[in-house]
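Undergrad: Here's a sequence, model it:
(one chain, ligands or ions: 1)
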Amino acid sequence: MSTETQPGADGAGATASNETLTVTDNRTGQTYEIPIEDGTIRALELRKIKTGEDDFGLMTYDPAFMNTASCRSAVTYIDGDRGILEYRGYPIEQLAERSSYLEVAYLLIHGSLPTQARLDEWTHEITIHTFVHENVKEFMQGFRYDAHPMGMLLASVGALSTFYPEANAIKDEESRYMQVIRLIAKMPTLAAFSYRHNRGMPYVYPDNDLSYAGNFLGMIYRMTELKYGPDPRLEHALDVLFILHADHEQNCSTSAVRSVGSSQVDPYSSVAAGVAALYGPLHGGANEAVLRMLRRIETKENVPGFIEGVKAGNERLMGFGHRVYKNFDPRAKIIKKACDEVFDVTGRNPLLDIAVELEKIALEDDYFVSRKLYPNVDFYSGLIYEALGMPVEMFPVLFAIGRTSGWIAQWLEMIDDSEQKIARPRQIYTGGRGLDYVPIDKRS
Ligand code: CMC
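TA: I've put the predicted structure just below:
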């Protein structure tokens, strides 16, 4: 579904059954009537448009799926023009303010908010599955001393499929549920082990007395103390960041999870595909770029000169602009608030002043206003991660922890969708045909 507007998602855009598109094929003069449903036509309807019996039929060409809905989904709603993001119909602002990450994960996966009893049960189930098999630890030891934590996370989450071979039974609801719990529970453990390995520090086992975010902070930072107690304000800020990253409908990594999952492989392998997609700088790496940019600008005084450079086309203002949000990114507003909470504990990061100044100047400047460029989720998240003491390599890893519940919710939806088959796009072939093999000694 288009992410700009989603006709039909709230019922208001639902179309009457007589709504159709009439297409005349000028090659043949023939006219076709194609049903329109939810502001969409079915691509397969175009196959009926042929020049003759032997013709394959018309296809659409849509590199990067800019205008192709690949599924029907009831998980996340986005209205980019109005800056709306909702999980299962609930506005992100309310969830960030009043919910916890585990409650949001429940909402995404089950489709509704839990009762207190169900939430307690869900939290307990996840908490008691945070440990990983000792061999996972051994496996991680095999990485080079300075391996990128995202690469380690990618490999280790994929490796979990070998520890739980029953996960192949994707149609078995009970087994499937077990893997859902394990994935959400073990992701922070794998992420923290990756961090500790990269730093040459001993791995810290989960502490099941702590919250989801608190336990993660413990596995990252605990040293010799018997009991680690996270600062509740940092714990809360991290929990909010996990909520904000939990889902974003059919983005690159979610599409990867669905696409790989459509082969009916186990969910660990599908989620590994999501982590791989998120590893790319165009997806999970923008907040790192923001941080590097702020460091390069150095002082507030250098901001106007930097903005002039951006306007001259020398570079982009990282953390600004979004393919979908053309008014504001609702997540950016929430993150800005979380910044204050974190800096109350850690002390103000001087880069924040540069960020605020950049935002102020850019929001008043016609270049940015006319192009509808506003701060996105990554403009401030890197500052919070840095204040929490995370190195930039950990930024996409933190994103992956939060996004796991969304990936799984989308994977579950795909498995149960009777319209879905193995993902298999078409192509327009542009190569040669019917060439004769030339022996190697005759080639020029
Ligand atoms: N700084 C300066 N100019 C920009 C920027 C920017 N950050 N973003 C877009 N523009 C300009 C662009 O040059 C173009 O101008 P013109 O019409 O004169 O050629 C116009 O705005 C439209 O840009 P576009 O590239 O067609 O827009 P897009 O929707 O394809 O790109 C984007 C979206 C996010 C890739 C882009 O805004 C960008 O590169 N931003 C910086 C990187 C960034 O912050 N990425 C994080 C995205 S949020 C993470 C997530 O949700 O997963």
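Undergrad: Identify the residues contacting the residue in the stretch 251-400 of the chain that the ligand sits nearest to.
TA: Evaluated by C-beta to the nearest ligand atom, the stretch 251-400 of the chain has G321 as its residue closest to the ligand, separated by 2.2 Å. Heads up, the C-betas are built off the backbone N, CA and C, glycines and all. Under the criterion of C-beta atoms under 8 Å, 6 or more residues apart in numbering, the neighbours of G321 are 371, 373-374, 376.
Undergrad: With N287 instead?
TA: For N287, counting by C-beta under 8 Å, 6+ apart, the contacting residues are 319, 377-378, 381-382, 385, 395.
Undergrad: just checking, it is part of a helix?
TA: Yes. Secondary structure assignment (DSSP: H, G, I helix; E, B strand; the rest coil) places N287 inside a helix.
Undergrad: Can you tell me how far it is from V257?
TA: Distance from N287 to V257, counting by C-beta to C-beta, to the nearest Å: 21 Å.
Undergrad: what do you get for V290?
TA: Distance of V290 to V257, given as C-beta to C-beta: 26 Å.
Undergrad: do D329 as well
TA: Counting by C-beta to C-beta, the gap between D329 and V257 amounts to 22 Å.
Undergrad: try R42
TA: Counting by C-beta to C-beta, the gap from R42 to V257 is 24 Å.
Undergrad: between those two, which one's more packed in?
TA: V257 (26 against 12; other C-beta atoms under 10 Å).
Undergrad: how about that one, what does it touch?
TA: Under the criterion of C-beta under 8 Å, 6+ apart, the contact partners of V257 comprise 270-271, 273-274, 407, 410-411.
Undergrad: quick one: which two of these are the most distant?
TA: By the measure C-beta to C-beta, A273 and Q410 form the most distant pair in the contacts of V257, at 12.0 Å.
Undergrad: Which one of these two is surrounded by more residues?
TA: Summary of the neighbour comparison: A273 and Q410, criterion other C-beta under 10 Å, with Q410 having more neighbours (28 against 22).
Undergrad: doesn't the more buried one fall inside a helix?
TA: Yes. Secondary structure assignment places Q410 in a helix (three-state DSSP).
Undergrad: Send me stretch 366-374 as PDB with only the CA atoms.
TA: C-alpha atoms of stretch 366-374 as PDB (Å, rounded to 0.1, in the frame of the first residue of the first chain):
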ATOM      1  CA  ASP A 366      12.800  28.400   2.100                       C
ATOM      2  CA  TYR A 367      15.100  25.700   0.600                       C
ATOM      3  CA  PHE A 368      14.000  23.300   3.300                       C
ATOM      4  CA  VAL A 369      10.400  24.500   3.700                       C
ATOM      5  CA  SER A 370       9.600  24.400   0.000                       C
ATOM      6  CA  ARG A 371      11.000  20.800  -0.300                       C
ATOM      7  CA  LYS A 372       9.100  19.700   2.800                       C
ATOM      8  CA  LEU A 373      12.300  18.700   4.600                       C
ATOM      9  CA  TYR A 374      11.900  18.200   8.400                       C
END
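Undergrad: avg pLDDT for it?
TA: In this model, stretch 366-374 has an average pLDDT of 94.
Undergrad: How far does stretch 348-368 sit from its chain's centre?
TA: Taking C-alpha atoms, centre = their mean, to the nearest Å, the mean C-alpha location of stretch 348-368 is offset from the chain mean by 26 Å.
Undergrad: How about the longest helix belonging to the chain, which residues are buried there?
TA: The longest helix of the chain (DSSP state H) is helix 173-199. Neighbour counts using 16 or more other C-beta atoms under 10 Å place 175-176, 178-198 of helix 173-199 among the buried residues.
Undergrad: What of stretch 119-132?
TA: Residues of stretch 119-132 classed as buried under the neighbour-count rule (16+ other C-beta under 10 Å) are 119, 122-123, 125-127, 129-130, 132.
Undergrad: Tabulate those (JSON lines), appending distance to T31, pLDDT and secondary structure.
TA: Formatted as JSON lines, the entries for those read as follows, by distance: C-beta to C-beta, whole Å; pLDDT from 0 to 100; DSSP: H, G, I helix; E, B strand; the rest coil:
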{"residue": "L119", "distance to T31": "56", "pLDDT": "98", "secondary structure": "helix"}
{"residue": "W122", "distance to T31": "55", "pLDDT": "98", "secondary structure": "helix"}
{"residue": "T123", "distance to T31": "59", "pLDDT": "98", "secondary structure": "helix"}
{"residue": "E125", "distance to T31": "57", "pLDDT": "98", "secondary structure": "helix"}
{"residue": "I126", "distance to T31": "56", "pLDDT": "98", "secondary structure": "helix"}
{"residue": "T127", "distance to T31": "62", "pLDDT": "98", "secondary structure": "helix"}
{"residue": "H129", "distance to T31": "59", "pLDDT": "98", "secondary structure": "coil"}
{"residue": "T130", "distance to T31": "61", "pLDDT": "98", "secondary structure": "coil"}
{"residue": "V132", "distance to T31": "61", "pLDDT": "98", "secondary structure": "coil"}
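Undergrad: How about the residues of the stretch 151-300 of the chain by the ligand?
TA: Proximity of the stretch 151-300 of the chain to the ligand, by C-beta under 6 Å from any ligand atom, involves residues 248, 251, 283, 286.
Undergrad: Drop anything exposed from those.
TA: Neighbour-count burial (16+ other C-beta under 10 Å) applied to those gives 248, 251, 283, 286.
Undergrad: Now do the closest residue to the third one other than its chain neighbours: how many residues are near it, please.
TA: Here the nearest residue to H283 in space, its sequence neighbours aside, is C252; by C-beta to C-beta, 6 or more residues apart in numbering that works out to 5.0 Å. As a burial measure, C252 scores 16 neighbours (other C-beta under 10 Å).
Undergrad: quick one, helices of the stretch 301-444 of the chain?
TA: Counting by DSSP state H, counting those that start in this stretch, residue ranges of the helices within the stretch 301-444 of the chain are 303-311, 330-346, 350-364, 366-370, 378-387, 395-415.
Undergrad: for the first one, what is the average pLDDT?
TA: When you say that, I think you mean helix 303-311. Per-region confidence: helix 303-311 scores 96 on mean pLDDT.
Undergrad: Tell me the buried residues in that helix?
TA: Buried positions in helix 303-311, judged by neighbour count with 16+ other C-beta under 10 Å: 303, 306-307, 310.
Undergrad: Relative to E86, which of the residues you listed is nearest.
TA: V310 (32.0 Å).
Undergrad: roughly how far apart are the residue of the stretch 251-400 of the chain closest to the ligand and F163?
TA: Taking C-beta to C-beta as the criterion, G321 is separated from F163 by 41 Å.
Undergrad: Rebuild the buried residues of stretch 119-132 as TSV, extending it with distance to Y203.
TA: What follows is these, written out as TSV (distance: C-beta to C-beta, whole Å):
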residue	distance to Y203
L119	29
W122	26
T123	24
E125	23
I126	20
T127	18
H129	17
T130	13
V132	10
